[in-house]
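my questions are about this predicted structure, shown below with the sequence.
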Amino acid sequence: MKWTNGFCLICIFLCGTLSEGVNAQTEKLMKRADSLFDSGNYFEASIAYERVYFVAEVPLARITANLKKTQALKQLGEYEKAHGDLRRSLTYRGEDSLRLEVLYEMAICAYLGGDPDDAYGLLRQFRHLFGQGSGQRVYLLEGLALAELMQWDALSDHLENWVLNFSDDTGLADEKLQRFAEILTEKDQQARRDPEKARLWSALIPGSGQVYAGEAGWGLLNAFSQLASLGAFSAMALNGYYVAAVFAGLGPFQSFYFGGIRQAGLMAEAHEKSRREKTLAAVREFLFNLEEELGAE
Amino acid sequence: MTNLLFAVLLLLHMLPVYSSDTGNLFIATDRIVTHGHSEGVSGHDHIWHREMDFIRYLIGRGDYRESLFLLERVVPENNHQNDSLNYLTGWVYYQQKTLDLSARHLLQVSKESPVYHKSRFFAAYSLAHDGDAGRAGEVLELTDSGTDNLYHALQRLQLGGISLLERDYKRYRSHAADFSGNHHVTAAEEQRMEHHYAQLRDRRTASPFIAGMLSAAVPGLGKIYAGKSAEGVAGFLYVAALGLTAFDFYRGSGPDSVLFVLSASAAGAFYVGNIVGSVAAARRANQEFNYEMDQRILFDMHIPLRNAF
């Protein structure tokens, strides 16, 4: 009995001492990693945080290290890696504030890494777990993700919820929705250019597809090239050079004709891309201003 | 009372260990001077092992840049540590496909190391993949495979593969004579190596001269001979179309007309271009075949290495 007690006491003592030792190590490592981060050595800081994650035995320390590592990786622009690392902490079942932070950081890394679809999915998960009572940053990120996905109706509903949750001014929601609709209309008024239509126009009237896509110079050049090759074909055929007319006249004509159709489509696509970018830039600016305005209230 | 005494003794015993541990934990990123070395991690086994464990963990995660960052800061104190350092550095470079640096580090692993054979085989493979088959062969010839059947089988297969990469069929036959087909790690690849050998031996190399001559006789025929049939037909059509156009102008306006001179010049340029293109196509076809065969040989050299280690 005496030896059993002794054995138990030693075990308890060893566990206590060891865990205390590991905790002290973790704490020291974390401080060092923090100082690396504060001094702007983000790459080294990311390694140091990973070391904390590796050494720590307490889930709280590991998730904290993981979250801090995310900040270092974000500074390095390694969003996909940060997103992957955070996935390790999804199973954490401790403090809600940390679970919330993991989901939010994953969403922001997905958004910054060019995957708004994933970001939006994670934010929906966030809402499901933590309800509507989330901070403005979540509303902003969700708005940005919706804008990137061009889901204008969903963004409009989202804006209404956002304003109503953060402002007592009931008229403000209507005002903001109206401003948002104005931005979309304003940008929408910049002529849309359907690539299919551009190709069709060019197939019917040479060069007209390019003019439709906003590139009149290229349209004229293409139309002139087609006319010139057709003229050469006619001139040669009229003078009895039938074989030459086919190869030296019709050959270049078909190249200019089909090339012109393809070029018109590409130009319309480029135009649409630029128009989309302008709309997105305007919506992003609007969302950032809204966050600032609601935060100031 | 005895229990208490036990506990106090244990406490006294444990304390110095913790203080030395925690005191040296940051040195990898800190480059602190320790144990008389200029910088980096060095010294005591437990610190060394902890650092190596962390580096291995990073390698396992695919964090190669981070692993190299730490490995560059490690200062080994003895041969064993030096071997571990070279092996891990070589392995990280291998994973990053920086094969020249991988081979350089792996070749520094000493014979006493438990990863000696792995290092030698992967160093040779890295050299072979990097285009230095001759040096890869030398490395393997100098590798002592001991009494292990696996190492012997691997060595024979690798040397056979290297001979094929060098297109030294006589040497290949001498290595292939030792292919036993008895070891499961190399049996399938030995068979495939024989197949590669047969393909290389029976391959009719496309002659650039013949390709050029054929295209001079019939435009495009040289490309068809080189195995580029579509290019050959297209080349023929272009030259024929321009030739017919020139003939049409010649028939209608005579040899002095501007249109004839222009179209005949264009046809001539395309005709000569087609001959030059056929010569290039024959060379390209040979290069493509050789490249594809090299890739297959390297693949069959690689698989047994990954299975064995």
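Structure received. Predicted, not measured: the structure shown is a model, and the values here were computed from it.

show the contacting residues for residue B:186.
By Cβ atoms under 8 Å, 6 or more residues apart in numbering or on different chains, the contact list for residue B:186 reads B:153, B:154, B:156, B:157, B:304. Using the backbone N, CA and C atoms, a C-beta is placed for each residue, glycine as well.

from those residues, pick the one nearest residue A:169.
Of all these, residue A:169 sits closest to residue B:304, with 73.5 Å by Cβ to Cβ.

how about residue A:90: what's its closest non-neighbour residue?
Of all residues not flanking residue A:90 in the chain, residue A:102 sits nearest, at 6.5 Å (Cβ to Cβ, 6 or more residues apart in numbering or on different chains).

hang on, the earlier thing: please convert the buried members of the contacts of residue B:186 into ChimeraX selection syntax.
Burial among those is assessed by 16 or more other Cβ atoms under 10 Å in any protein chain shown; the matching ChimeraX selection reads:
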select /B:153,154,156,157,304
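
would you list the contacts of residue B:186 in JSON lines and tack on pLDDT, secondary structure and distance to residue B:174?
Output for these, formatted as JSON lines (pLDDT from 0 to 100; DSSP: H, G, I helix; E, B strand; the rest coil; distance: Cβ to Cβ, whole Å):
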{"residue": "B:153", "pLDDT": "90", "secondary structure": "helix", "distance to residue B:174": "16"}
{"residue": "B:154", "pLDDT": "92", "secondary structure": "helix", "distance to residue B:174": "17"}
{"residue": "B:156", "pLDDT": "92", "secondary structure": "helix", "distance to residue B:174": "10"}
{"residue": "B:157", "pLDDT": "94", "secondary structure": "helix", "distance to residue B:174": "14"}
{"residue": "B:304", "pLDDT": "94", "secondary structure": "helix", "distance to residue B:174": "20"}
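
which single one of the contacts of residue B:186 is nearest to residue B:87?
When these are compared for distance to residue B:87 (Cβ to Cβ), residue B:154 comes out closest, at 17.6 Å.

how much space between that closest one and residue B:135?
Relative to residue B:135, residue B:154 is positioned 18 Å away (Cβ to Cβ, to the nearest Å).

try residue A:288
As judged by Cβ to Cβ, residue A:288 and residue B:135 stand 59 Å apart.

next SSE after the worst-scoring helix or strand of chain B on mean pLDDT?
Of all helical and strand segments in chain B, the minimum by mean pLDDT, DSSP states H and E falls on helix B:27-30, at a mean of 40. Next helix or strand after helix B:27-30 toward the C-terminus (DSSP states H and E): helix B:45-61.

contact partners for the nearest residue to residue B:95 once chain neighbours are set aside?
Nearest non-adjacent residue to residue B:95, counting by Cβ to Cβ, 6+ apart: residue B:64, 5.6 Å away. Residues near residue B:64 by Cβ under 8 Å, 6+ apart: B:58, B:92, B:95, B:96.

pretty sure the first one contacts residue B:68?
No. The criterion here is Cβ atoms under 8 Å, and residue B:58 misses it with residue B:68 at 9.4 Å.

picking that back up, and residue A:288 and residue B:135? which has more neighbours close in?
Taking other Cβ atoms under 10 Å in any protein chain shown, residue A:288 and residue B:135 do not tie; residue B:135 has more neighbours (17 against 13).

backbone phi and psi for the more buried one, please?
Phi and psi for residue B:135, reported as degrees, to the nearest 10, are phi -70, psi -40.

what pLDDT does the residue of the stretch 51-200 of chain A found nearest chain B get?
Using Cβ to the nearest Cβ, the single residue of the stretch 51-200 of chain A nearest to chain B is residue A:54, 5.6 Å away. Per-residue confidence (pLDDT) for residue A:54: 95.

now it: which helix or strand?
Secondary-structure element containing residue A:54, defined by DSSP H and E: helix A:42-55.

quick one: that helix to helix B:45-61, angle?
On the basis of axes from the mean of the first three to the mean of the last three Cα atoms, to 10 degrees, helix A:42-55 is oriented at 110 degrees to helix B:45-61.

and for residue A:95, the neighbour number?
By other Cβ under 10 Å, the residues close to residue A:95 number 12.

quick check: the residue nearest to it when sequence neighbours are not counted vs residue A:32, distance?
With Cβ to Cβ, 6+ apart as the criterion, residue A:95 has its nearest non-adjacent residue at 7.3 Å, and that residue is residue A:60. Relative to residue A:32, residue A:60 is positioned 18 Å away (Cβ to Cβ).
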